[in-house]
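Peer 1: need a structure here:
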Amino acid sequence: MFASCADPSSLEGLHWLACYLTSGKHMAFYASFGTVMVLLAITAPAALTFGFAGAVAARSRIFPLRWIGRLYTAMVRGVPDIIFFLFVPIALDQLFEWLRHKAKCPDWTEPVRQGNDFVVCAQAKLPMSTSPQWVHETYGFFLAVLAFAIVFGAFAANVLYGAMRAVPRAQMETAEAYGMTERQSFWRVLVPQMWVYALPGLSNLWMILIKATPLLFLLGVEDIVYWARELGGSKTSIYAYPHPDWRLYYFLGLLVFYLTLTRVSEVVLGRVTTRLSHGQATMGGEAQRKAAA
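Peer 2: A predicted model of the protein is given here:
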């Protein structure tokens, strides 16, 4: 990265280490921590959106909608996560390409499925072969985020569905007695109170999501696990900075990162739980009232 690091074979000691830690590959390694944080920042609200929609559908009075909501929750929760993480990006990629194929190549006569191959016209490919590398990486990351959101959305739907049922029925009856419509009581009474009951389950789900981020490596995204393995492995003479097997130290660094992230999450979620429990008819709210007395 620096002019003084142009010839690694001439470097020694701390100078070698400084150049090694500031090489282009290490810069990509440091940037991959941001990739994990972006994944969490996007996936968490997206999964919560999927979960809320699934929970509302599961409690709907319309049978087809209720059936879809419960099927989504049961199917995703009943299949190993790794299968969905590998299946969803492939399925979505082919779906998007098939839709583009139908729109851009209406005169195409050959079947899309040709044995084990999925063949679409060149204009329908996603991303285009002429697209820059960052477009390919962004598209792969988008598919990975969508896979995470669908999988964790099913678990969030189960948590939110249980939280909605935990809100005392008397609250809803009181709202109806005051003349609120069903929609008004849902948004003004049920939804604000359900978060108190949902937060413990959502907190656990957030921790599981943090632990699941290394699955990005299996989806072809160059995340921190990918770079820790690549940079920590022993190098041969073809690499600019050959060294012994240092994977232990790289993965210890990842251990510290994940433990720190988990600890910060516990503190933040604990404060949110305390704030939401204030004045509520729950164990947390009762404990706060006793402490104040």
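
Peer 1: Pull the residues that contact the strand or helix carrying W67.
Peer 2: Assessed by DSSP states H and E, W67 sits inside helix 63-78. Applying CB atoms under 8 Å, 6 or more residues apart in numbering, the contact partners of helix 63-78 are 53-60, 84, 150-151, 153-155, 157-158, 161. The C-beta positions use only the backbone N, C-alpha and C, and glycine is treated the same way.

Peer 1: Quick one: buried ones out of those?
Peer 2: Buried members of these, scored by 16 or more other CB atoms under 10 Å, are 53-59, 84, 150-151, 153-155, 157-158, 161.

Peer 1: Which two among those are spaced furthest apart?
Peer 2: Spatial extent of these (CB to CB) is set by the pair R59 and F84 at 23.9 Å.

Peer 1: P8: what's it in contact with?
Peer 2: 16, 19-20, 240-241.

Peer 1: Spell out the secondary structure type for L126.
Peer 2: State at L126, reduced to three classes by DSSP: H, G, I helix; E, B strand; the rest coil: coil.

Peer 1: I meant V221, not that one.
Peer 2: Recorded secondary structure, V221: coil (three-state DSSP).

Peer 1: burial of it, as a residue count?
Peer 2: Neighbour count for V221, taken as other CB atoms under 10 Å: 22.

Peer 1: Can you tell me how far it is from S32?
Peer 2: For V221, the distance to S32 equals 9 Å [CB to CB, to the nearest Å].

Peer 1: Give the buried residues for whichever helix or strand comes after the helix holding W67.
Peer 2: Next in sequence after helix 63-78, counting helices and strands by DSSP H and E, comes helix 81-104. Neighbour counts over helix 81-104 (16+ other CB under 10 Å) mark 81, 84-85, 88-89, 92, 94, 97, 100-101 as buried.
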